[in-house]
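**Student:** quick check, what structure comes out for this input:
(chains A, B, C and D)
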There are 2 protein chains.
Amino acid sequence: MRKIDVRDFNLATRTTSREINRRIVLNLVREHQPISRAELARRMDVGRGKVSLLVNELIEAGEILEGEFGESTRGRKPKMLYVRTHDRLVIAIDVRFSRTYVMLSDFAGHQIALETFDTVFDVGALVGEMAARVKRLVRAHGASGRIEGIGLVMPGMVDRSTGHVIHSPQLGWHDVNVRDPLAEATGLPVSIENAPIACALAQMWLGEASNDFVYVTVSDGVGVAIVVDGQVVRGRNDSSGEFGHIRLRPGGTECLCGKLGCWEAYTSNVATLSHYLGYDVPPREALHLLREQRISVAELIDRARTGDARALEALKRTGTELGTGLSMVLNALNPAQVFVGGEISSAWDLIWEDVQKEIRAGVLADVVARTPIIPEQTSAYPRLRGAAALVAAPIYAAPEVA
Amino acid sequence: MRKIDVRDFNLATRTTSREINRRIVLNLVREHQPISRAELARRMDVGRGKVSLLVNELIEAGEILEGEFGESTRGRKPKMLYVRTHDRLVIAIDVRFSRTYVMLSDFAGHQIALETFDTVFDVGALVGEMAARVKRLVRAHGASGRIEGIGLVMPGMVDRSTGHVIHSPQLGWHDVNVRDPLAEATGLPVSIENAPIACALAQMWLGEASNDFVYVTVSDGVGVAIVVDGQVVRGRNDSSGEFGHIRLRPGGTECLCGKLGCWEAYTSNVATLSHYLGYDVPPREALHLLREQRISVAELIDRARTGDARALEALKRTGTELGTGLSMVLNALNPAQVFVGGEISSAWDLIWEDVQKEIRAGVLADVVARTPIIPEQTSAYPRLRGAAALVAAPIYAAPEVA
DNA sequence: CGCATATTGTTGCATCGTGGGACAATTCGC
DNA sequence: GCGAATTGTCCCACGATGCAACAATATGCG
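**Tutor:** Next up, the predicted model:
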């Protein structure tokens, strides 16, 4: 039951019904491919006549295509339908503190080629480097299809509508327009998003997520993307999901944000490192060690697996703190699923007990404690898949109505 | 940008476009009444012809009505349109621990008559008493219109779809069906909801709320209703918004829920009382004092206003804790507005500085600290208005599409 | 093979929606 | 009294759904 916003509503025009139904068909094909027209008609509970019309329009538009004939126990064999993905290409870019990743993928997020380079902090230089890589990738592997756009994941706070990076401590940027220069340099449309939301979009459009979930990213900091009813919750100032800066302990450890006792200060990669090195290492110093790759969480996990008791202890401590924070998220939002991304997820078998124990202790109701918590490995490149999803999602999203 | 749920979608039928546009017209009239057909056409950017059709259908259906002629600088005088509310009546019921409130109101939430009685904890007796009051109110004041339904606000966790009270510590109920017996006893449709969500609905449909906000109720406990994009966020187990049981301090004060250090344990009415009486009063005892009306927060506020320094100190302490918790909510959701309901809101002038100070300290970005925090007086009967909104809202809500 | 049966996909028509312009009714200014 | 502006209604072209009939195709069985 949704209230209509009388200052910003969408009237139904003559073609609205058709658009809605066409989009539903497209999504049904996406989820159930291969699927026949008749099967679609059964699932949608409408006549095959209308489905044929809608399907033919989608084929015309290049959204879906007909494949081989399918099997049937009796009667005419169905012609199976697929979403067209293999020859629709996407450039996905993930800018991180140390390195920038540029991937060429198809519309389903399948990797075709991947390049990386050292991130440069000057806007012009960064855009130039990205554009050069894009052109090279397109020249080398772009023959198999059309490039539909660029999805760009930036660290920090971004304004999706203007394409500006509003604030990025990692890059030292304030209100920098990166979308338009990149679009101009490449001639491709660019969508920009921050990392947690991109990861959430990847799960929603290319993964296994339901329509109401939360994606927690654990890296230098801790970010949370909130998805309600299939929509990302952005908040009034594009700054929802800052669970990382909710205070876990009054007068606790100093956080990179300057406040004391933030959740992030106990469970980020920086914090994990601090757990290992001992608390006399201040967070900024631990951050520098991490960034200069003198030590990494991945290495810590290696050490823990090969018998380093202190490393294991540090990870388990992070797990405990992670569980405490997750119980906050669960209490606040009661999502259907929680995804956890970041290096720490590859130590999930080592820390899960500790995570779970804290969740059980911190959550109000037993059913909520049983919310599925799903680790996602960094090796799956969730950020890059998210960048790809940025380009694909608008094609499949529901039309805005009423 | 919303993802379509392929397991639960709504096809556009032949009449969908009309329904969408009719509902938009209804809401425009609701917000801008009195308004003419021509003005509607301008706001909607469509021809007056279509608006006339839609308006006439709505008049036929009894949703809106024509009033007197309006003014215009030139040309034919417009016939003004109004939402029909005065002769559409609603029964609003608010069941609280000590007393139950039964109100007869019109569709706009305007009170026509109000009765109260001591809450009885036996389901049958409670339903009987409620039904008797409803019948009496309808006999006495119901001549002016048709009763469209009953909105019932229950303390604790409710399942809106089944009409069951799943868990109510205040009443000592577990999984009790209260909706169907009341519907049968009165012959009226009954909608059931918990208190925070009802208050949020009242603000959204009868008040000044935007489409993305949060309603914090402070009473025996602390509850938060979350509204995103004009929709209430219920969560997987109908238990979202339990910010009250996020831990503020490890090993802190015992909460009524049994855990230690919950926000609720520091800012509920029970907590405020504890601040006044001194912390050696355990929460259950403070709760009993409150419930037996040996002392109330309203009285505490009176004392503070008449020079009782300890009372003022207790309130300010509650304000500080309230601010801490609100900063959590702001960090987590970045809503456009926050409403605060409960007895404490009538001491807002006394505590606002303390609230604001904590919000400033606890929130990550300055803009977020400037989120409007709006106290709502209990004298406005937000729960009862919410109960009324329960009946009215489905009439005005957007049709579910795609 | 010949035929009944079942299934898929297409076509046609009735009905109901928007889109847009012409038209009558009404009021004000000159 | 007349022109101009404004409101509300009417009408018709076109687009979308809803439904049923129809053609195409495959299987099973005598």
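
**Student:** tally of neighbours for the closest residue to chain B within the stretch 251-400 of chain A?
**Tutor:** Nearest residue of the stretch 251-400 of chain A to chain B: A:Asn334, at 2.7 Å (CB to the nearest CB). For every residue, glycine as well, the C-beta is placed using N, CA and C. As a burial measure, A:Asn334 scores 26 neighbours (other CB atoms under 10 Å in any protein chain shown).

**Student:** surely it touches A:Val367?
**Tutor:** No: under the contact definition of CB atoms under 8 Å, A:Asn334 does not touch A:Val367, with a separation of 9.0 Å.

**Student:** next, show the common contact partners of these two.
**Tutor:** Common neighbours of A:Asn334 and A:Val367, counting by CB atoms under 8 Å, 6 or more residues apart in numbering or on different chains, are B:Asn237, B:Ser239.

**Student:** the helices in chain A, which residues?
**Tutor:** A:16-32, A:37-44, A:48-60, A:123-141, A:179-186, A:195-206, A:264-267, A:269-277, A:283-291, A:297-305, A:309-333, A:348-362, A:366-369, A:382-396 (DSSP state H).

**Student:** out of those, nearest to B:Arg360?
**Tutor:** When those are compared by CB to CB, helix A:264-267 sits nearest B:Arg360, at 19.1 Å.

**Student:** surely A:Val340 meets A:Pro372?
**Tutor:** No: the pair A:Val340 / A:Pro372 is not scored as a contact, 10.9 Å apart, by CB under 8 Å.

**Student:** more neighbours: these two, which one.
**Tutor:** For the pair A:Val340 and A:Pro372, the greater number of neighbours falls to A:Val340 (19 against 12), based on other CB under 10 Å.

**Student:** how close does the closest residue to A:Trp352 other than its chain neighbours sit to A:Asp354?
**Tutor:** Computed as CB to CB, 6 or more residues apart in numbering or on different chains, the closest residue to A:Trp352 that is not its neighbour in sequence is A:Gly319, at 7.3 Å. Distance, A:Gly319 to A:Asp354, using CB to CB, to the nearest Å: 4 Å.

**Student:** before we move on, what about A:Arg360?
**Tutor:** A:Arg360 sits 11 Å away from A:Asp354, going by CB to CB.

**Student:** the more surrounded of those two?
**Tutor:** Shown here are A:Arg360 and A:Asp354; by other CB under 10 Å, A:Asp354 has more neighbours (18 against 14).

**Student:** spit out the contact partners of that one.
**Tutor:** Per CB under 8 Å, 6+ apart, neighbours of A:Asp354: A:Lys316, A:Arg317, A:Gly319, A:Thr320, A:Gly323.

**Student:** pLDDT at the third one, what is it?
**Tutor:** What that stands for is A:Gly319. Per-residue pLDDT puts A:Gly319 at 97.

**Student:** again, but for the first one
**Tutor:** A:Lys316 carries a pLDDT score of 97 in this model.

**Student:** hang on, it packs against A:Asp349?
**Tutor:** No: here A:Lys316 does not reach A:Asp349: they are 11.6 Å apart, not a contact under CB under 8 Å.

**Student:** more neighbours: these two, which one.
**Tutor:** A:Lys316 (18 against 9).

**Student:** what's across from A:Cys116 in the sheet?
**Tutor:** Just so we're on the same page, residue A:116 is Thr rather than Cys. Note on A:Thr116: beta-bridge partners by DSSP bridges are A:Tyr101.

**Student:** do you know how far it is from A:Val216?
**Tutor:** Distance of A:Thr116 to A:Val216, given as CB to CB: 25 Å.

**Student:** so for these two, which residue has more residues nearby?
**Tutor:** It is A:Val216, of A:Thr116 and A:Val216, that has more neighbours when counted by other CB under 10 Å, with 28 against 14.

**Student:** need the contact list for that one.
**Tutor:** Residues in contact with A:Val216 (CB under 8 Å, 6+ apart) are A:Pro196, A:Val222, A:Gly223, A:Val224, A:Phe243, A:Gly325, A:Leu326, A:Val329, A:Val338, A:Phe339, A:Val340, A:Gly341.

**Student:** okay, those residues in a markdown table with distance to DNA strand C and pLDDT next?
**Tutor:** Shown next, in a markdown table, are the contacts of A:Val216 (distance: CB to the nearest atom of the strand, whole Å; pLDDT from 0 to 100):
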| residue | distance to DNA strand C | pLDDT |
| --- | --- | --- |
| A:Pro196 | 38 | 96 |
| A:Val222 | 47 | 95 |
| A:Gly223 | 41 | 95 |
| A:Val224 | 40 | 97 |
| A:Phe243 | 43 | 97 |
| A:Gly325 | 48 | 98 |
| A:Leu326 | 45 | 98 |
| A:Val329 | 42 | 98 |
| A:Val338 | 39 | 98 |
| A:Phe339 | 36 | 98 |
| A:Val340 | 42 | 98 |
| A:Gly341 | 40 | 96 |
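
**Student:** select from these the one having the most neighbours.
**Tutor:** Most surrounded of the contacts of A:Val216: other CB under 10 Å gives A:Val222, at 30 neighbours.

**Student:** so what's that residue up against?
**Tutor:** Counting by CB under 8 Å, 6+ apart, A:Val222 touches A:Val216, A:Phe243, A:Gly244, A:Trp263, A:Glu264, A:Thr267, A:Ser268, A:Gly325.

**Student:** for the last one, which non-adjacent residue is spatially closest?
**Tutor:** Nearest residue to A:Gly325, sequence neighbours excluded (CB to CB, 6+ apart): A:Trp263, at 4.2 Å.

**Student:** what about that neighbour, how many residues nearby?
**Tutor:** Around A:Trp263 there are 28 residues (other CB under 10 Å).

**Student:** measure it to A:Ile64 for me?
**Tutor:** Counting by CB to CB - A:Trp263 and A:Ile64 are separated by 44 Å.

**Student:** separation between the residue lying closest to A:Arg303 once chain neighbours are set aside and A:Asp302?
**Tutor:** Distance criterion CB to CB, 6+ apart; nearest residue to A:Arg303, sequence neighbours excluded, is A:Ala311 at 4.0 Å. Here the criterion is CB to CB. By it, A:Ala311 lies 8 Å from A:Asp302.
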